[in-house]
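Asks: Below is the structure, and that's it, no one-letter string:
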């Protein structure tokens with residue numbers, strides 16, 4: 001490494017300070033809770049209205065703060081890539097997860113969410129030229145084997161129409177994680193150096209605009225309960241507006257690959273919430289597949305390195 005690189009390290013080379021570490025754990029706990037709130041809201045609102053209201057509430061919560069910080073002109077200059085990022089990082093994946101949670105448990109959804117760094121490594125390889133070595137390649141293979149085993153268990157245990165819906169739910173989760181991975185590299189490529197508050201707010205505004213018409217066309221016939229509205233409020237304010245500011249901060253300080261490793265801890269919190277608050281079962285097979293996925297992800301992102 002050159003002396004210039006040592007004086008100006010990239011985000012991927014910067015140390016994880018105690019402050020960033022605390023934000024990292026808090027973000028994992030909050031995103032683990034998002035599966036619980038999404039399930040409760042989607043049962044009454046449906047997937048598209050749930051996703052649309054989530055991003056709209058979050059955007060409205062952050063907009064006054066963004067304007068007070070004088071970031072409106074920055075958003076006007078960069079609104080196109082910011083809005084595209086919003087669709088990739090919020091609009092599409094939130095709708096896919098809201099659909100999936102109607103057919104599989106929050107714990108399974110969260111384990112599948114842990115594949116985000118796997119897809120992130122593949123996207124960074126294809127798009128940014130970050131070619132994985134032998135250890136990371138092994139991690140990619142191992143991670144996707146774990147996903148395949150988990151998906152086979154969920155689909156194989158059901159029959160008929162239930163198996164079809166379970167399979168579609170698994171595919172929806174994987175589609176969402178791919179969107180997250182593309183959005184992370186997109187952020188590094190086109191939004192690097194921009195204020196995290198502006199990026200978070202603008203991306204949520206873009207997602208809200210993109211989902212407005214689909215949500216209106218699928219709006220529920222009956223008024224949802226106060227519990228469903230409360231879940232949406234928690235989704236929008238805590239699990240999205242607050243969480244996204246932290247997430248874009250982590251991307252800015254640690255790089256997309258390391259920031260995406262927050263999904264390592266999300267399943268732990270989601271499994272705890274699902275088991276204690278929703279009475280969902282946590283089977284040894286789920287835990288085993290989750291361990292395989294997380295080990296593969298750790299290898300694929302370089303968090304663990306093998307000498308091969």
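Replies: Looks like it arrived, so ask away. Being a predicted model, the structure only gives us computed values, none of them experimental.

Asks: what ranges of the stretch 101-250 of the chain fall below the confidence cut-off?
Replies: Applying pLDDT under 70 to the stretch 101-250 of the chain flags residues 128-132, 154-161.

Asks: In contact with the most centrally placed residue in the chain, which residues are there?
Replies: Nearest to the geometric centre of the chain sits residue 180, at 5.7 Å (Cα atoms, centre = their mean). Residues near residue 180 by Cβ atoms under 8 Å, 6 or more residues apart in numbering: 88, 89, 93, 116, 119, 120, 260. (Each C-beta comes from the backbone N, C-alpha and C, glycine too.)

Asks: one more time with 10 Å, if that's ok
Replies: Shown in contact with residue 180 (Cβ atoms under 10 Å, 6 or more residues apart in numbering): 88-90, 92-93, 113, 115-117, 119-120, 123, 247, 256, 260, 263.

Asks: what does residue 190 give?
Replies: Contacts of residue 190 (Cβ under 10 Å, 6+ apart): 78, 80, 81, 82, 84, 85.

Asks: which of those residues tops the neighbour count?
Replies: Ranked by neighbour count (other Cβ atoms under 10 Å), the contacts of residue 190 have residue 85 at the top, with 26 neighbours.

Asks: Work out for me the element that one sits within.
Replies: helix 72-86 (DSSP states H and E).

Asks: what's the answer for residue 93, then?
Replies: Per DSSP H and E: helix 92-100 holds residue 93.

Asks: Now do the lengthiest helix in the chain and helix 72-86, the angle between them.
Replies: In the chain, assigned by DSSP state H, the helix with the most residues is helix 161-190. Interaxial angle of helix 161-190 relative to helix 72-86 (axes from the mean of the first three to the mean of the last three Cα atoms, to 10 degrees): 140 degrees.

Asks: If we go by neighbour counts, what in the following helix or strand past helix 161-190 is buried?
Replies: As assigned by DSSP H and E, the chain's next helix or strand after helix 161-190 is helix 196-217. Buried residues in helix 196-217, counted by 16 or more other Cβ atoms under 10 Å: 196-211, 215.

Asks: Rounded mean pLDDT for the host helix or strand of residue 66, please.
Replies: When secondary structure is defined by DSSP H and E, residue 66 falls within helix 47-68. Averaged across helix 47-68, the pLDDT comes to 96.

Asks: quick check, distance from it to the centre of its chain.
Replies: Put simply, helix 47-68 sits 16 Å off its chain's centre (Cα atoms, centre = their mean, to the nearest Å).

Asks: And for stretch 108-116?
Replies: The answer for stretch 108-116 is 9 Å, by Cα atoms, centre = their mean.

Asks: from memory residue 192 sits against residue 251, does it?
Replies: Yes. The pair residue 192 and residue 251 passes the contact test of Cβ atoms under 10 Å, sitting 8.6 Å apart.

Asks: Compare these two (neighbour count), which wins?
Replies: A count of neighbours by other Cβ under 10 Å puts residue 251 above the other of residue 192 and residue 251, at 23 against 13.
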